[in-house]
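Asks: Sharing a sequence plus its predicted fold:
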Amino acid sequence: MKIAVIGQGYVGFPLAQLAAKSGFEVIGFDTNSNVINSLDNSEANLKLTDDEGLLKDCQIYVIAVPTPLDAEGKPDLSYVIKASKTLAKYAVNGSLVINESTSYPGTLREVILPIVDPSGVKVLFASAPERIDPLNKNWNLKNTARVIGGLTQEATSRAKQFYATFCEHVHTVSSPEVAESAKLLENTFRQVNIAFINQFTQIMDKLNIPVHEVIEAANTKPFGFMKFIPGLGVGGHCIPIDPIYLAEKAESAGAPASLIRSADLINIQMSKFVMDKAIRLLGSDLSGKKVCIVGLSYKSDISDLRSSPSLALWDLLEAVKAQVSYHDSFHPTFRGMNSADLSTSQFDVAIVATRHSDLNTSQLISSSKLILDCTGTIAGAHWL
């Protein structure tokens with residue numbers, strides 16, 4: 001069977017590889033030739049291409065394109081719309097179109113279907129939102145349950161048959177809207193709980209109570225509590241973005257989304273809280289002070305900078321005229337400067353935003369008069 005995966009980013013490429021390894025003939029398509037040329041592919045059944053003409057004669061088309069926010073912080077479905085317009089040229093009677101891109105409930109039915117198949121009778125449609133967590137050593141495409149909802153029972157059945165070839169568990173639901181909403185619930189749950197622990201951290205800071213000790217004490221309860229830890233904020237492709245898709249959809253339907261909006265604001269404001277705490281610990285303002293941000297990526301051991309709170313912190317530090325530098329092995333150069341050499345540098349303050357596994361903590365401690373560790377993992381440093 002021949003399938004096409006539209007979009008070869010962090011979602012589409014691993015899916016294309018796994019499907020090819022499972023015996024499908026796979027076309028991995030992306031409009032960006034630089035993306036195609038950058039990928040290291042060793043799967044014999046996978047053809048990576050930016051040639052749109054190779055998309056014809058596929059039985060299954062999977063949309064795996066970005067769904068970011070626009071400049072005004074609103075859902076941006078331009079990539080989904082562009083992919084749908086492409087598929088409208090090639091999807092034929094009996095083709096199955098699956099949307100893996102995260103979006104608000106109704107996207108498959110109200111946006112993709114009218115573009116791909118305005119008649120609604122030729123093509124089958126299903127939603128199967130991605131659940132990728134880059135570099136997670138325990139959970140991957142194969143052992144993470146896949147949630148599927150089709151516009152028809154036939155679409156659900158076909159999509160289930162496809163994913164069951166390489167996913168250990170497939171969970172079907174009654175509609176695409178249920179599947180789309182489940183994905184938003186998963187990440188909004190995380191956003192709200194991270195925001196709560198970040199606000200709780202600010203409360204403990206005012207009361208001069210060590211928040212990490214409080215969290216560990218609460219975590220001894222074997223029921224009714226789930227551990228979250230504070231940090232600089234939230235970043236990446238899901239937590240800062242997916243809840244906004246839910247909030248926008250809710251508000252457009254006249255439903256309140258005040259908790260989601262508040263959680264988003266709390267997480268955004270954590271960079272300011274961290275900078276202000278550094279000022280308090282130092283005992284002076286940061287004007288002219290040498291401040292090093294340790295870890296630019298939004299999470300450990302990856303290079304991804306999308307929505308990274310480290311960059312928001314950088315902008316705040318520059319606004320108060322600090323001399324900002326950074327250390328991150330995944331980014332040898334950034335914003336016109338090189339990653340600082342901890343063995344030869346001297347800083348007034350080092351703020352550990354993200355801790356990569358190769359961080360030399362001994363050098364960090366020697367290089368900095370003051371260390372504020374947002375990860376709560378470096379002994380002897382000041383924690384949030």
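Replies: Nice, I can see it. Residues are numbered from 1 along each chain as shown.
Asks: I'd guessed Thr67 sits against Cys238; true?
Replies: No - counting by C-beta atoms under 8 Å, Thr67 does not reach Cys238; the two are 10.1 Å apart. From N, CA and C alone the C-beta is placed, and that goes for glycine too.
Asks: Mutual contacts of the two, please.
Replies: Listed as contacting both Thr67 and Cys238 by C-beta atoms under 8 Å, 6 or more residues apart in numbering are Thr102.
Asks: got the residue ranges for the strands in the stretch 201-350 of the chain?
Replies: With strands called from DSSP state E, counting those that start in this stretch, the stretch 201-350 of the chain shows them at 290-294, 323-327, 333-334, 337-338, 347-352.
Asks: in the last one, what's buried?
Replies: By that I understand strand 347-352. By neighbour count on 16 or more other C-beta atoms under 10 Å, the buried set for strand 347-352 is Phe347, Asp348, Val349, Ala350, Ile351, Val352.
Asks: just how off-centre is it within its chain?
Replies: On the basis of C-alpha atoms, centre = their mean, to the nearest Å, strand 347-352 sits 27 Å off its chain's mean C-alpha point.
Asks: what packs against that strand?
Replies: helix 258-282, strand 290-294, helix 361-367, strand 368-373 (3 or more C-beta pairs under 8 Å, 6 or more residues apart in numbering; DSSP states H and E).
Asks: who wins for proximity to Ile132 among these?
Replies: Relative to Ile132, the nearest member of these by C-beta to C-beta is helix 258-282, separated by 20.9 Å.
Asks: buried ones in that closest one?
Replies: 260, 263-264, 266-271, 273-275, 277-279, 282.
Asks: Model confidence score at the residue nearest the centre of the chain, please.
Replies: Nearest residue to the geometric centre of the chain (C-alpha atoms, centre = their mean): His237, 2.5 Å. At His237, the model reports a pLDDT of 92.
Asks: The one 10 residues further on now?
Replies: According to the prediction, Ala247 has pLDDT 98.
Asks: Then Leu69?
Replies: In this model, Leu69 is scored at 97, pLDDT.
Asks: Also Glu318?
Replies: The score at Glu318 is 98. That number is its pLDDT.
Asks: just to revisit the earlier point, right, and the pair among the buried residues of strand 347-352 with maximum separation?
Replies: Pairwise distances across these peak at 14.7 Å for Asp348 and Val352 (criterion: C-beta to C-beta).
Asks: What ranges does the stretch 101-250 of the chain have for its helices?
Replies: Per DSSP state H, counting those that start in this stretch, the stretch 101-250 of the chain carries helices over the ranges 107, 113-116, 153-163, 176-207, 211-218, 242-252.
Asks: Comparing these, which comes out most buried?
Replies: helix 107 (a mean of 26; mean count of other C-beta atoms under 10 Å).
Asks: how much distance is there from that one to the middle of the chain?
Replies: On C-alpha atoms, centre = their mean, the centre of helix 107 falls 19 Å from that of its chain.
Asks: related to what we said a few turns ago, out of the strands of the stretch 201-350 of the chain, nearest to Val97?
Replies: Proximity to Val97 (C-beta to C-beta) singles out strand 333-334 among the strands of the stretch 201-350 of the chain, at 38.7 Å.
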